[in-house]
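Q: Pasting the sequence and the predicted model now:
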Amino acid sequence: MSNKNQTLGEFIIDNQAHFPYATGELSRLMNSIRLAAKMVNHEVNKAGLVDITGAIGSTNIQGEDQQKLDVIANDIFIKSLVNRDIVCGIASEENDDFIQVSGAKNDNNTNYVVLIDPLDGSSNIDVNVSVGTIFSIYRRVTAVGTPVTEEDFLQPGNQQVAAGYVVYGTSTMLVYTTGHGVNGFTLNPALGTYYLSHPNMKFPESGNIYSVNEGNYVHFPQGIKNYIKYCQEEKEDRPYTSRYIGSLVSDIHRNMIKGGVYLYPSSSKSPNGKLRLLYECNPIAFIAEQANGLATDGIQRILDIKPTALHQRVPFVCGSKKMVEKVAFFMQE
């Protein structure tokens, strides 16, 4: 049983039994992510004091300007995972291709691959707005002892064994699931320890917050336009409140606690959507479903989509169950 005095390390050990094939490997992997998140948190917190804000002058595989902290966070997570000899492959939103982890310490005998968005919403760093990290963990599908291939990463989201995110905000929180509910841990900066602060997190069945970049309204599909108008109608339970931070982790975290829906649909500018299936949508969808929410591309379940490319993009609707179902109703009309 969980209790609010538990540390993240204690919680991970107590819940190893959820896995019939538990060897401690996944627990060590989660501990590595925990450590890397503390290191990134330290860098984020000193961003205004040293020259690590702003763009670095290069673009990533997505064609987006890389921020200095994007590169720092990416390096921290990759080094933490590689140096501890606990994964056989890593894929990052910031890298063109996946990383095959092998060498003196690792003969490809580990079972897990990690996909990660090291610093989601990093363009908000300059204005001191919350940012985050998103991660996803799968068991490899190729034979243990052989080098990983793209096949190990291109698995549908319903095959995830764990997923989570870290919010670097007014307090730093790590929220994750291993398929047995969602739990949130808050970092005590004085001790450098995460404590269970939000056990068994759940999306309310419905809510009154919708989160979408309405600046793109004219480019949205008609179904999304109709839903936004529905949210704005003067009715007994509406209009809803519009809240959009522009940091996926922050928007999802708020809506999970207060009740709401997040929308990043396709548009005439981005016909396939803009968010990445593997690094953002799949892990957030896994968390949402474990927290009594839903996640779709507007029509079909996100976790059932078979990926075809490492940096594949999809439309994304995620949040309180009844609100996501209402979006799907307008899209199908």
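A: Here it is on my side, so go on.

Q: From here on, just use CA atoms for contacts and neighbour counts.
A: Noted.

Q: List the buried residues in stretch 76-96.
A: For stretch 76-96, burial by neighbour count (16 or more other CA atoms under 10 Å) applies to 76-78, 80-82, 85-95.

Q: which non-adjacent residue is nearest Thr308?
A: Closest residue in space to Thr308, ignoring its immediate chain neighbours: Leu154 at 6.5 Å, by CA to CA, 6 or more residues apart in numbering.

Q: Who are the contact partners of that neighbour?
A: If you count contacts by CA atoms under 8 Å, 6 or more residues apart in numbering, Leu154 has them with Leu278, Lys306, Pro307, Thr308, Ala309, Leu310.

Q: Drop anything exposed from those residues.
A: Buried among the contacts of Leu154 (16+ other CA under 10 Å): Leu278, Pro307, Leu310.

Q: Quick check: of the contacts of Leu154, which lies closest to Ser320?
A: If you rank the contacts of Leu154 by distance to Ser320 using CA to CA, Leu278 comes first, at 21.5 Å.

Q: Just give me the neighbour total for the residue nearest to Phe220 when sequence neighbours are not counted.
A: Closest residue to Phe220 apart from its sequence neighbours, by CA to CA, 6+ apart: Ser267 at 4.6 Å. Counted with other CA atoms under 10 Å, residues neighbouring Ser267 total 19.

Q: Equivalent analysis for Val317, please.
A: What Val317 shows, counting by other CA under 10 Å, is a neighbour count of 27.

Q: partners of it in the sheet?
A: Beta bridges link Val317 to Leu263, Thr296, judged by DSSP bridges.

Q: give me every residue that touches it.
A: Residues near Val317 by CA under 8 Å, 6+ apart: Val261, Tyr262, Leu263, Tyr264, Pro265, Ala295, Thr296, Asp297, Gly298, Val324, Val327.

Q: same check, this time on Asp251
A: Here Asp251 is in contact with Ser211, Arg243, Tyr244, Ile245, Tyr262 (criterion: CA under 8 Å, 6+ apart).

Q: Point out the least confident member of the contacts of Val317, please.
A: By predicted confidence (pLDDT), the lowest-ranked of these is Gly298, with 91.

Q: Disregarding residues adjacent in the polypeptide, which is nearest to that residue?
A: The shortest distance from Gly298 to any non-neighbouring residue, by CA to CA, 6+ apart, is to Ala328 (5.3 Å).

Q: Thanks a lot, catch you later.
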